[in-house]
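Engineer: Here is my input; please provide its structure:
(one chain, ligands or ions: 1)
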Amino acid sequence: MKLQKILENVYLVDLEPSIENFEKFIASYIVLGEKVAIIETGPRCSVEGILEALDKIGVGLEEVDYVAVSHIHLDHAGGVGTLLKKLPNAKLVVHEKGVFHMSNPTKLWESSKQVLGWLAEKYGELEPVPSEKILVGKDGLKIDLGKNIKIDVLETPGHASHHLSFFNQEGGVLFVGEVGGIYSEEFNIVRPSTPPPSFDPIQNFRSIDRLVNLNPKILCYSHFGVTKEIQKLSIYKDRLKLWLRIVAEEYKQKSVEEIFEKILEEDRNVRPIANLWRERFFMLNSVKGMVYYLERHGLPSSWDK
Ligand SMILES: [Zn+2]
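Structural biologist: Coordinates of the predicted model:
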């Protein structure tokens, strides 16, 4: 775990799960008001890191009131059940579509193993959350931490249908989640994160437009870190469109690997990360998510708006 104070009242925790090359990849944010919120728990295997971070900041376990997750994938919400056992006063904020899976995680665990394979085992199996501890995260809900710190909950489907972003209007701080892709500070790039089965490009574009219209000042990415380059949101939208066009042209005759090579020919910005195994693994999965969508829906006529 590495802890970094990024704003007066916001800390970034690099959860560093014990998986090769997973440093600077999974973030959790701790927001302090009179009350305390944790945004993203990461997987179960790194819950200990959050507890350590709270201890270092000097936040008592009973002082945490909210644990909010952008969506229910294991690397964002896999640790919720385990963490909530340690936080006597905390409520979970999760999209309506995630409520059932958080209190009955068996099916989510099985499908995660199918999509992620060995990585799901590394992340660790979810523990259930008692349903009375769950708040439905939806448009209009405000997480009020006192001291004039409020966090608006926004429904932002696209990466997944059960995706939320969180926005602190006073500071212009936007917790993007994963609907804005994966940000790498080191390579100064945002790359697609569009896994099967629930990636939906049209919803993803709309969600990005919605986030741009908030006029945020700071973007906090769950993968990974913080930037003031707000244009990263629109750059991401353009990159998604480019990749989708290429995948749509190629998926009927080419393998996922071959499509990815084609993408690298056209999108030179992602070349520097293409041979890092972690990035390659997830980018191939993103191509699979695009193929999965296109096989079922094709490219909608309005897709390039
Ligand atoms: Zn993720």
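Engineer: I'd like to know which residues of the chain are adjacent to the ion.
Structural biologist: 75, 178 (C-beta under 5 Å from the ion). C-beta: built from backbone N, CA, C; applies to glycine.
Engineer: what does the model give whichever residue of the stretch 151-300 of the chain sits closest to the ion for pLDDT?
Structural biologist: Closest contact between the stretch 151-300 of the chain and the ion, by C-beta to the ion, is at residue 178 (4.7 Å). Note on residue 178: pLDDT of 98.
Engineer: burial measure for it, as a count.
Structural biologist: The tally of other residues near residue 178 (other C-beta atoms under 10 Å) stands at 25.
Engineer: my guess is it contacts residue 220, does it?
Structural biologist: No: counting by C-beta atoms under 8 Å, residue 178 stays clear of residue 220, with 11.8 Å between them.
Engineer: Now do the same contact list for residue 63.
Structural biologist: 35, 36, 89 (C-beta atoms under 8 Å, 6 or more residues apart in numbering).
Engineer: how near is it to the ion?
Structural biologist: According to C-beta to the ion, to the nearest Å, residue 63 stands 27 Å off from the ion.
Engineer: can you pull out the strands in the stretch 101-250 of the chain?
Structural biologist: Assigned by DSSP state E, counting those that start in this stretch, the strands in the stretch 101-250 of the chain fall at 134-137, 142-144, 150-155, 164-168, 173-177, 182-184, 189-191, 218-221, 225-227.
Engineer: Minimum distance to residue 24: which of those strands has it?
Structural biologist: Smallest distance to residue 24 across the strands of the stretch 101-250 of the chain (C-beta to C-beta): 6.9 Å, for strand 225-227.
Engineer: quick one: strands adjacent to that closest one?
Structural biologist: Here strand 225-227 has these sheet partners by DSSP bridges: strand 218-221 (antiparallel).
Engineer: what separates the longest helix along the chain from the chain centre, distance-wise?
Structural biologist: Criterion DSSP state H: the longest helix present in the chain is helix 277-297. In terms of C-alpha atoms, centre = their mean, to the nearest Å, the centre of helix 277-297 is set 16 Å apart from its chain centre.
Engineer: What lies in contact with it?
Structural biologist: 21-22, 25, 115, 182, 184, 191-197, 199-201, 243-244, 247-248, 251, 256-257, 259-260, 263, 270, 273-274.
Engineer: Next up, the contacts around the nearest residue in space to residue 24 that is not next to it in sequence.
Structural biologist: Leaving out its chain neighbours, the residue that sits closest to residue 24 by C-beta to C-beta, 6 or more residues apart in numbering is residue 224, at 5.1 Å. Applying C-beta under 8 Å, 6+ apart to residue 224 gives the contacts 14, 24, 25, 26, 27, 182, 183, 184, 185.
Engineer: try residue 168
Structural biologist: 31, 149, 150, 151, 152, 174 are the contacts of residue 168 under C-beta under 8 Å, 6+ apart.
Engineer: Can you report how many residues neighbour the last one?
Structural biologist: So the one you mean is residue 174. 26.
Engineer: can you offset everything so residue one is 757?
Structural biologist: Okay, using 757 as the starting number, the last item reads as residue 930.
Engineer: Apart from its chain neighbours, what residue comes closest to it?
Structural biologist: Spatial nearest neighbour of residue 930, chain neighbours left out: residue 972 (3.7 Å); criterion: C-beta to C-beta, 6+ apart.
Engineer: That neighbour contacts residue 927, doesn't it?
Structural biologist: No: if you go by C-beta under 8 Å, residue 972 and residue 927 don't touch, sitting 9.3 Å apart.
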